[in-house]
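Undergrad: Below are the sequence and a predicted model; questions follow.
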Amino acid sequence: MAVSNKSRQRAIVIGGSIGGLLAAHQLRAIGWDVQVFERSTDDLADRGAGISTHQAIFDAVARAGLVFDTSSRTVPSAYVCYARDGRVIEQAPAWRTMTNWSRVYRPLREGLPAGCYLNNRVLSGVETSEQGVTALFSDGSRVDADLLVAADGIRSTVRAQLFGGFAPAYAGYVAWRALVPEFELPTATWAALKDVYGFGAPEGELLISYAVPTREEDKHKGAHSYNIVWYRPADETELRDLCTDEQGRRHEISIPPHRLRRDVIEAMKADARALLAQPLAEVITRTAQPFLQAIYDFAAPRITKGRVVLLGDAAFVARPHVGAGVTKAALDAMGLADAIEAEGGDLKVALPRYNDERTRFGNWCVERGQQMGARIRKRQPGTVAPPQAELDQNCQLFLSDYLRVARDIEAMTGGGG
Ligand SMILES: Cc1cc2nc3c(=O)[nH]c(=O)nc-3n(C[C@H](O)[C@H](O)[C@H](O)COP(=O)(O)OP(=O)(O)OC[C@H]3O[C@@H](n4cnc5c(N)ncnc54)[C@H](O)[C@@H]3O)c2cc1C
C-alpha cells in the first residue's frame, strides 16, 4: 500500500485489543506514526475463546504484512442439530473457518514494534480542537495527535465523553462459554464432535459449538479444544444474581470467571445434563472454568466527531450470532486507512467517508443479530411447553439462520465461500 502525501501524521489508539491492534497496523501501513494505549496490565491473549472468521480478518492480517499460520484454523465439515436424546435432527455441509481469539491477537500484538504498544495506560478524557486531539490519562500524562481512534470496547470512555449518553441495551440473555482441550475429553466425545459445528436448542435457548485451535498455554493438552457458546434467557434480576460473587459483591457489566459462584456454575452444569445431548453436556460439565458474557446490542448514531473516530465494539456491538465482531473491527480498520489514503490524508473529508461506510455495515450487523436472537426468550407465563416437533424445527431454523448470515457477510465483504 502506498504511503499518503501527509506521511508521519500521528494517531493515538485507545484500547489494545483486536480492534485497536488492527487499527494500529492499518494506519502504520499508510505511513502514520501510531501509539496504542491499553489499560490492562495483563497479556490479553490469555482470555479469549473460540471465534468464527471471515476473509476480512485474513486480509487485514496480510495487509499488515503478517502471517496467519494455517494451524491457527479449524474447518468443521458439517453443521449438525442435536436433539436432547442425541438424535440428529438435521445436518448440512459446513464451510466456515474457526479460530481462537488469541491466535488472531498474538501475531497482531507481536507485529508491533517496541514502544508502539503501552500497557497500564487508562484514558480518562479527551480534548479536541481544529488542529489536533489530546488524550488525557489517569496517571496525569497527556498525549497529542492528529487523530484519536477509540477502540476501547463496548463501554467506551471516549464515546461516553464525546458522543452523548448512548448506552448498550441488554438483550435479555447471557452466553455461557466453555473451552475444553481435546485431551481432557473422553475419546468418544472428541471423536463425535471434532468435525462438527453443533447446534442444540432447548426451549427458548440456543447452543452452538465447534473445535478451535488450542490456546498457547493448553497446547500440551492437545492441538485443539472444543468451544461451546450456550445462550440462555436471564432477566435483569437474574443477571444481577449471576454476576454476584461469593462475597455478595455485584459485578455490574460482567463477572470475572474466577469470581463466578460455585452454586451458579453447578446449577448451569446440572441444566446442561438435563437439557442437552450427551456429548455437548459432557464438554460443559468437564469445563474447569466456564465464563459468562451478557449479550448486548449497541449502534452508535455517529462514529466520528472532529478528529476522533469510534472503531470495533466502541462503535457497534452485534449479538454474537452474526459471528463478525473481529471481522467488523478488521473492516473498520481497513476502511479507516483506505478512506484516509483515498483522501490524501485530509481528515475533514476522509472521516465523514469512514462514518458513512462503516455505519451501514455496523447497523446491518446489529439488526441481523437482533433478528437471529429473537427466539432466545423465556416462555410467557401461563403458556404450555411446545411439543418436541416444534423444538426440532426451531433448531433447524437456527441452523439455516447461521448458514445464511455467514454467506451474506462473505457476499457483502467480498470474501469467497
Ligand atoms: C479479552 C477478550 C476476549 C474476547 N474473546 C472473544 C471471543 O472469544 N469471541 C468473540 O467473538 N469475541 C471475543 N471478544 C470480543 C471480540 O474480540 C471483539 O468483538 C473484537 O475484538 C473487537 O473488539 P474491540 O477491540 O473493538 O473491543 P474489545 O475487545 O472490547 O477491547 C477494548 C479494549 O479497550 C481497553 N480499554 C477500555 N477502556 C479503556 C481506557 N479507558 N483506556 C485504555 N484502554 C481501555 C480494554 O481493556 C480492551 O482491551 C473478546 C474481547 C476481549 C477483550
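TA: Alright, I've got the coordinates. Residues are numbered from 1 along each chain as shown.
Undergrad: how about the helix or strand encompassing A175 as PDB, C-alpha atoms only?
TA: Counting by DSSP states H and E, the element that carries A175 is strand 169-181. Below are the C-alpha coordinates for strand 169-181, written out as PDB (Å, rounded to 0.1, in the frame of the first residue of the first chain):
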ATOM      1  CA  ALA A 169     -29.000  -2.300  25.700                       C
ATOM      2  CA  TYR A 170     -29.100  -5.700  27.400                       C
ATOM      3  CA  ALA A 171     -30.600  -8.300  25.100                       C
ATOM      4  CA  GLY A 172     -32.300 -10.300  27.800                       C
ATOM      5  CA  TYR A 173     -29.900 -13.300  27.700                       C
ATOM      6  CA  VAL A 174     -26.400 -14.400  28.500                       C
ATOM      7  CA  ALA A 175     -23.900 -16.700  26.900                       C
ATOM      8  CA  TRP A 176     -22.200 -19.400  28.900                       C
ATOM      9  CA  ARG A 177     -18.900 -20.300  27.400                       C
ATOM     10  CA  ALA A 178     -16.800 -23.500  27.700                       C
ATOM     11  CA  LEU A 179     -13.500 -24.300  26.200                       C
ATOM     12  CA  VAL A 180     -12.100 -27.800  26.800                       C
ATOM     13  CA  PRO A 181      -8.800 -29.100  25.400                       C
END
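Undergrad: So for that strand, mean pLDDT?
TA: Computed over strand 169-181, the mean pLDDT rounds to 96.
Undergrad: quick one: strands adjacent to it?
TA: In the sheet, strand 169-181 lines up against strand 224-233 (antiparallel), strand 291-299 (antiparallel) (DSSP bridges).
Undergrad: now the ones you listed in JSON lines, with distance to the ligand and mean pLDDT?
TA: Where you see a C-beta, it was placed from the backbone N, CA and C, and this is true even at glycine. Below are the strands paired with strand 169-181 laid out as JSON lines (distance: least, Cβ to the nearest ligand atom, whole Å; pLDDT from 0 to 100):
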{"stretch": "strand 224-233", "distance to the ligand": "8", "mean pLDDT": "97"}
{"stretch": "strand 291-299", "distance to the ligand": "8", "mean pLDDT": "96"}
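Undergrad: Report the contact partners of I57.
TA: Residues in contact with I57, defined by Cβ atoms under 8 Å, 6 or more residues apart in numbering, are F68, V104, V326, T327, A330.
Undergrad: who wins for neighbours among those residues?
TA: Neighbour counts for these, by other Cβ atoms under 10 Å, peak at A330, which reaches 31 neighbours.
Undergrad: secondary structure class for that one?
TA: Following DSSP: H, G, I helix; E, B strand; the rest coil, A330 is assigned to helix.
Undergrad: tally of neighbours for the residue nearest to it when sequence neighbours are not counted?
TA: The shortest distance from A330 to any non-neighbouring residue, by Cβ to Cβ, 6 or more residues apart in numbering, is to A60 (3.8 Å). By other Cβ under 10 Å, 29 other residues sit near A60.
Undergrad: so A60 touches A23, yeah?
TA: No - with contact defined as Cβ atoms under 8 Å, A60 and A23 do not form a contacting pair (9.9 Å).
Undergrad: shared neighbours of the two, which are they?
TA: Jointly contacting A60 and A23 under the rule Cβ under 8 Å, 6+ apart are A333.
Undergrad: contacting residues for R273?
TA: R273 sits next to A281, T285 when contact means Cβ under 8 Å, 6+ apart.
Undergrad: going on from the helix or strand containing it, what's the next piece of helix or strand?
TA: Taking DSSP H and E as the criterion, R273 maps to helix 262-275. Downstream of helix 262-275, the first helix or strand assigned by DSSP H and E is helix 278-285.
Undergrad: any idea what sits nearest the residue of the stretch 101-250 of the chain found nearest the ligand, other than its immediate chain neighbours?
TA: For the stretch 101-250 of the chain and the ligand, the shortest gap (Cβ to the nearest ligand atom) falls at G153, measuring 2.9 Å. Residue nearest to G153 in three dimensions, not counting chain neighbours: D313, with 4.8 Å by Cβ to Cβ, 6+ apart.
Undergrad: Could I get the contacting residues of that neighbour?
TA: G19, G153, I154, S156, F298, G325, A329.
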